[in-house]
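A.B. asks: I'd like to go over a predicted model; first the sequence, then the structure.
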Amino acid sequence: MSKSSSPKPTKAELAILQVLWGRGASTVREVHEVLSAQRKTGYTTVLKLMQIMAQKGLVRRDESRRTHVYTACATKTKTQRQLAKDLLERVFGGSAERLVMCALEGKRVTSDELARIRQLLDQIEGDEP
């Protein structure tokens, strides 16, 4: 990991971040309740992961109350962009074309999604000198 990049969350850490992005500031118990509804997850596992995430700088812990409250350090969009950039480099050798082609071939795309993709491409083309 380079000094300029943020730590990349693991799959389990990403699940916790999804809860924090959806709910906002939350206690370990609140995060555990959401995750447990999706799949069996131990409270102490969630606690330990959130402690590690705080050490890594993925979440902030507010210790001013008896029960610690956690918030995500980075926005969902920033994290998605960081992970997409990492995937682009590691898997597709930096080729945005191969990434997009693979993504579009691997899943049925709705007409609304295609329209938004076209709009984004038009916008990107318009920004070029």
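C.D. replies: Yes, it's here.
A.B. asks: CA atoms for contacts and neighbours, from now on please.
C.D. replies: Noted.
A.B. asks: Give me the residue ranges of this protein where confidence is low.
C.D. replies: The model of the chain has pLDDT under 70 over residues 1-5, 128-129.
A.B. asks: if we go to 50?
C.D. replies: Along the chain, the parts satisfying pLDDT under 50 run over 1-4.
A.B. asks: could you pull out the helices for it?
C.D. replies: 11-23, 28-38, 43-56, 76-92, 96-105, 111-127 (DSSP state H).
A.B. asks: report the angle between the axes of the last one and helix 96-105?
C.D. replies: Using axes from the mean of the first three to the mean of the last three C-alpha atoms, to 10 degrees, the direction of helix 111-127 lies 170 degrees away from that of helix 96-105.
A.B. asks: what's the spacing between helix 111-127 and its chain's center?
C.D. replies: What separates the centre of helix 111-127 from the centre of its chain is 23 Å, taken as C-alpha atoms, centre = their mean, to the nearest Å.
A.B. asks: mind saving the C-alpha coords of it as CSV?
C.D. replies: Once non-C-alpha atoms are left out, helix 111-127 reads as follows in CSV (Å, rounded to 0.1, in the frame of the first residue of the first chain):
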residue,chain,number,x,y,z
SER,A,111,-31.9,0.5,-20.7
ASP,A,112,-31.8,3.0,-17.8
GLU,A,113,-28.3,2.0,-16.9
LEU,A,114,-27.2,2.2,-20.5
ALA,A,115,-28.7,5.7,-20.8
ARG,A,116,-26.8,6.8,-17.7
ILE,A,117,-23.6,5.2,-19.0
ARG,A,118,-24.0,7.0,-22.4
GLN,A,119,-24.7,10.3,-20.5
LEU,A,120,-21.5,9.8,-18.5
LEU,A,121,-19.4,9.0,-21.6
ASP,A,122,-20.8,12.1,-23.4
GLN,A,123,-19.9,14.2,-20.4
ILE,A,124,-16.4,12.7,-20.2
GLU,A,125,-15.9,13.3,-24.0
GLY,A,126,-17.1,16.9,-23.6
ASP,A,127,-14.5,17.5,-20.8
